[in-house]
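**Student:** model this:
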Amino acid sequence: MRKSLVIHPFLFAVHPIFFLCSYNVNRIGFVQTLFPSAVSLSATSLLLLLFKLILKDTQKAGIVVSIFVILFFTYGHVHNLIEYRQIGTFVIGRHVYMLLTWSMLLVCSIHVVRKIRGDLGRVTRIMNVVASILVAIQLVGIALHEFKTNPWDSVQNPRYAGISTIDLRNRERLPDIYYIILDRYASLDILKEFYDFDNREFVDYLEGKGFYVAHDSTSNYLKTAHSLASSLNMTYLDHLQEQIGEESWDWGPVTKMIQDHEVGRLLKSVGYRYIHFGSWWEDTRLNRHADINVNIFWQPEFPMSLYRTTALYPLATELGVLRIPLLRWMADERLLQWRRVQYTFEKLAEIPGMKVPTFVFVHMLVPHKPFVFDRDGTFVPEQEERRRSKKVNYVNQLVFVNNRVQMLIDRLLSSSKVPPVIVLQADEGPYPPGRSTNWHQASKSELRQKMGILNAYYLPDVNKDELYSSVTPVNTFRLIFNLCLDTDFELLPDESYIHPDDHHPYRLINVTDKLRDTDNKD
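**Tutor:** Predicted coordinates:
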């Protein structure tokens, strides 16, 4: 009898990749699965060859490799389920215990398979069918999304006329413009009320340097994607709500607006160089329209998310198997984030030396978690972060950010031949405890925590009477262009919107009145 083909190890090797893609298909493209799939299939081929040499049987080797692959890719999911579970004082979710358990399961499986006598053709065929069905389900879901006519292909984003009033003969007098996003940086009042932290010293520093701090500013939207799409295009997202519909869960239009934004278009049209400082978040990791991209290790977010579900993650992080610094940064997302933020500050300090006017967009995921910085900038291991409260971790990271921002501002102001424009702004505030979805049910207190933001402007030689304390990010560049580049953009009403959850990004609800009702904070 002809033996059945052993294909199930390869199918099980790509199923977790397609599953993660299918689950996030509204945020990423199928093309991002190609590299991790190639790596996974190559590793599976080597394992199959190895166990074929050991077991002297292709079908047995296939079963063992499939078990190995399943254990490898399910490790992170199981760990997340039992991470904080205890039996008495025994913490069953610790990596060392889980890795030991997974190793024992693999060893036992190899022993059992090795002892089996007789033909395993039927088992192989069943495993082939099961694996094929699992992969087919994911591929169908991805294909339906990839090949359908995207409802946002015809969406027309607002476009503005070029900044024609700038006298390009005075190009050397154009100021560098720094748009620095400090993710989830809360306002002065929010920090005092909910984090028991007085940030007055930092605010006083900014005002002493000539910044205007908009103390009553709120974000226009609940999340980074909406907020940046709005501020970088100087508009609200009503047109997406109207053209796409409230039931769409496709984030593609928002991502497109972040990548190809009006602020960059307008400034490049009059001779600005666009430098993009990216984060680990996919939408701002790099920008293909920028003249220069600055980031450290440009690994896309998708393969990193996949990697965190595997058994390789604890081996490379908590157990310190990888000791080579570069490999550790690549494998340990926390260490990589710690280095990336420092690298960003270091490279930002070099911008004033450039000879052409420069627009610098910076997205730093701090004080946003992971909380990898102590107050003095030292690295915080994951176990140490878990031992501390969220308030302590958040404030410690914020203090570090304050110190580095002050050093950066001193450098930019002292080294720039033409006084620069600098915006320090949060795209959103920190999450209130217990609230991550169902935002239409959020209390006024929760909305204030999530949408009260730092918003500070350094606009040299500008009458500050033109600014106002409740200005929101949607008007940031309308103000900058009007006050510094002699344009005549009309200011929009300062409003704030939420959406219920990630599956309804265009079901926008105006909560401006709730945020302004300070008499009743609940």
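**Student:** hang on, residue 307 packs against residue 313?
**Tutor:** Yes: contact status for residue 307 versus residue 313: in contact at 6.0 Å, counting by Cβ atoms under 8 Å. From N, CA and C alone the C-beta is placed, and that goes for glycine too.
**Student:** please say which of the two ends up with more neighbours.
**Tutor:** Between residue 307 and residue 313, residue 313 has the larger neighbour count (other Cβ atoms under 10 Å), namely 21 against 17.
**Student:** could you dump the host helix or strand of that one to CSV, C-alpha only?
**Tutor:** Residue 313 belongs to helix 312-316 when assigned by DSSP states H and E. The C-alpha coordinates for helix 312-316 follow below in CSV (Å, rounded to 0.1, in the frame of the first residue of the first chain):
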residue,chain,number,x,y,z
LEU,A,312,10.5,31.1,21.8
TYR,A,313,9.4,34.3,23.5
PRO,A,314,10.0,33.3,27.1
LEU,A,315,13.3,31.6,26.1
ALA,A,316,14.5,34.8,24.6
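**Student:** list the buried residues for that helix?
**Tutor:** Going by neighbour count (16 or more other Cβ atoms under 10 Å), the buried part of helix 312-316 is 312-316.
**Student:** so what does it touch, helix or strand wise?
**Tutor:** For helix 312-316, the packing partners by 3 or more Cβ pairs under 8 Å, 6 or more residues apart in numbering; DSSP states H and E come out as helix 58-82, helix 95-115, helix 325-331.
**Student:** so for residue 23, which of these sits nearest?
**Tutor:** The closest of the helices and strands packed on helix 312-316 to residue 23 is helix 58-82. By Cβ to Cβ, the value is 11.7 Å.
**Student:** and the angle from that closest one to helix 95-115?
**Tutor:** If you take axes from the mean of the first three to the mean of the last three Cα atoms, to 10 degrees, helix 58-82 sits at 160 degrees to helix 95-115.
**Student:** just the mean pLDDT for the helix holding residue 313, thanks.
**Tutor:** The average pLDDT within helix 312-316 is 76.
**Student:** now the stretch 151-300 of the chain, which segments are flagged as low pLDDT?
**Tutor:** Along the stretch 151-300 of the chain, the model assigns pLDDT under 70 to residues 151-157, 159-172, 297-300.
**Student:** try it again with 80
**Tutor:** Residue ranges of the stretch 151-300 of the chain with pLDDT under 80: 151-173, 297-300.
**Student:** could you check how far the residue most central in space within the chain is from residue 252?
**Tutor:** Per Cα atoms, centre = their mean, the C-alpha nearest to the average position across the chain is that of residue 281, at 2.7 Å. Look at residue 281 and residue 252: by Cβ to Cβ, to the nearest Å, they are 16 Å apart.
**Student:** same question for residue 450.
**Tutor:** Distance of residue 450 to residue 252, computed by Cβ to Cβ: 24 Å.
**Student:** between these two, which one's more packed in?
**Tutor:** The neighbour comparison of residue 450 against residue 252 (other Cβ under 10 Å) goes to residue 450, with 27 against 19.
**Student:** what are the phi and psi values at the nearest residue to residue 508 once chain neighbours are set aside?
**Tutor:** Sequence neighbours aside, residue 497 is the residue nearest to residue 508 in space, at 4.5 Å (criterion: Cβ to Cβ, 6 or more residues apart in numbering). Torsion angles at residue 497 (phi, psi; degrees, to the nearest 10) stand at phi -130, psi 150.
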